[in-house]
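Student: With the sequence up front, the predicted model follows.
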Amino acid sequence: MDALAVFALALLWDLLLGEPPALVHPVVWFGKLAGLFDSRYKRHSPALDFLAGIATAVLVIAFAFLLSISPFFALYPLNYVLAVYLLKSSFAIRSLHEHVARTVTEDIEEKRKAVSMIVSRDVRKLDKPHLNSASIESLAENLNDSVIAPLFYFLFFGLPGALIYRAVNTLDAMLGYRNERYEFFGKFSARLDDVLNFIPARLTVLFYLPLGGRRVFRYYRLARFKINSDKPIAVMSAVLGVWLEKPGVYRFPGRTPEDRDIKRALRVYWLIVAEWLIIVSLLLATEVCPCLSR
């Protein structure tokens, strides 16, 4: 199959139509499958919980792999339709913009509700600046998770790479918590997500350089709190000149973030998305990277 054609059609789908319905969305399926194993497994001991977590991750990843190779067993033109649909399901450009844009409001309760849809932290006691920060942080982190990384793995490993990445990222989002329930059960998923995001998170940082220069490097060096997720957040803080903080975890310096800074962050988002889409298109057009088998 023509990787560039599949990518172009998937991108067109994303920008014009957004996300497929939840009922037929592969990423939703990954989450439901992980949730099913999570709810059925009764915790026992750290060792058994860790092994059960590995088994859960392997089964979800195997399901993602089987989905990803389904187009290669379908006849033309169904093979293209499936490939476009599955690739589109691995990234979310339009919907990320829409979710973050909804947090731009003067009504604190509406803002709180909108922010709660895109972050896992408890927003009930956050003041307006911290809600603005959470919105921008989510945009910066998900720029990597929902745009850069899935297409990075598509470039090198085709549909299996894109969908397996999204499966691992979903596993981490659902199970990768440091609490009594998930400390051992979710550890494998969390560490695997760290491995897969190591290069994309740093690649994402590079796209900020034309916008922030040396300040980007300076803030990148401040990002020592997490293996990956704080890197894109730090450089977004650098470019906007606002503080971004997850209380008790990290804080990057700057002035107080306001609603207008969320709008500025969205403009930065689209500039970086454009940079990345041009690069992906050129690499696919010149066949520099191995991708969909022909």
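Tutor: Noted; the coordinates are in hand.
Student: what secondary structure does the most centrally placed residue in the chain sit in?
Tutor: Computing the C-alpha centroid of the chain and ranking residues by C-alpha atoms, centre = their mean puts Asp145 first, at 1.9 Å. For Asp145, the assignment made with DSSP: H, G, I helix; E, B strand; the rest coil gives helix.
Student: Give me the number of neighbouring residues for the closest residue to Leu33 other than its chain neighbours.
Tutor: Spatial nearest neighbour of Leu33, excluding adjacent residues (C-beta to C-beta, 6 or more residues apart in numbering): Val60 at 5.3 Å. Just so you know, the C-beta spots here come from the backbone N, C-alpha and C atoms, and that holds for glycine as well. Neighbours of Val60 under the rule other C-beta atoms under 10 Å: 26.
Student: what's the spacing between the spatially closest residue to the residue nearest to the centre of the chain that is not a sequence neighbour and Leu78?
Tutor: Take Asp145 and drop its neighbours on the chain: the residue closest to it by C-beta to C-beta, 6+ apart is Asn169, 5.5 Å away. Asn169 is 27 Å from Leu78, where distance means C-beta to C-beta, to the nearest Å.
Student: higher neighbour count, the two?
Tutor: Neighbour count, other C-beta under 10 Å: between Asn169 and Leu78, Asn169 has more, with 25 against 12.
Student: Now do the buried residues in whichever strand or helix holds that one.
Tutor: Here Asn169 sits within helix 149-175, counting by DSSP states H and E. Applying a neighbour-count criterion of 16 or more other C-beta atoms under 10 Å, the buried positions in helix 149-175 are 149-155, 157-175.
Student: returning to that earlier point: OK, contacts around the residue nearest to Leu33?
Tutor: Each residue near Val60 by C-beta atoms under 8 Å, 6 or more residues apart in numbering is listed here: 30, 33-34, 37, 167, 170-171.
Student: And the pLDDT at it?
Tutor: We have a pLDDT of 97 for Val60.
Student: Can you tell me how far it is from Lys111?
Tutor: Val60 is 34 Å from Lys111, where distance means C-beta to C-beta.
Student: hang on, the earlier thing: quick one: mean pLDDT for the helix holding Asn169?
Tutor: The pLDDT scores in helix 149-175 average 96.
Student: And stretch 272-285, by the same measure?
Tutor: Averaged over stretch 272-285, pLDDT sits at 95.
Student: now swap in stretch 121-134 and tell me
Tutor: 93.
Student: gap between the two ends of it?
Tutor: 9 Å (C-alpha to C-alpha, to the nearest Å).
Student: show me where the stretch 1-150 of the chain has helices.
Tutor: Here the stretch 1-150 of the chain has its helices, by DSSP state H, counting those that start in this stretch, at 3-17, 26-40, 46-69, 78-90, 94-101, 108-116, 128-143, 149-175.
Student: isn't the residue nearest to Asp145 right up against Ala149?
Tutor: Yes - counting by C-beta atoms under 8 Å, Asn169 touches Ala149, with 7.3 Å between them.
Student: For these two, list the residues in contact with both.
Tutor: 196-197.
Student: for stretch 72-82, the distance to its chain's centre please.
Tutor: 27 Å (C-alpha atoms, centre = their mean, to the nearest Å).
Student: oh sorry, the question was meant for stretch 106-119
Tutor: Between the centre of stretch 106-119 and the centre of its chain there are 20 Å (C-alpha atoms, centre = their mean).
Student: Listing request: residues of the stretch 1-150 of the chain with sub-threshold pLDDT.
Tutor: For the stretch 1-150 of the chain, applying pLDDT under 70 flags the ranges 1.
Student: Tell me the secondary structure of the residue nearest to Tyr250 when sequence neighbours are not counted, please.
Tutor: In space, and not counting its chain neighbours, Tyr250 is closest to Phe225: 4.0 Å by C-beta to C-beta, 6+ apart. Here Phe225 takes the coil state, with states given by three-state DSSP.
Student: From Val249, how far out is Phe225?
Tutor: Phe225 sits 6 Å away from Val249, going by C-beta to C-beta.
Student: more crowded one of the two?
Tutor: Shown here are Phe225 and Val249; by other C-beta under 10 Å, Phe225 has more neighbours (15 against 11).
Student: Just read off the phi/psi values of that one.
Tutor: Backbone torsions of Phe225, given as degrees, to the nearest 10, read phi -90, psi -30.
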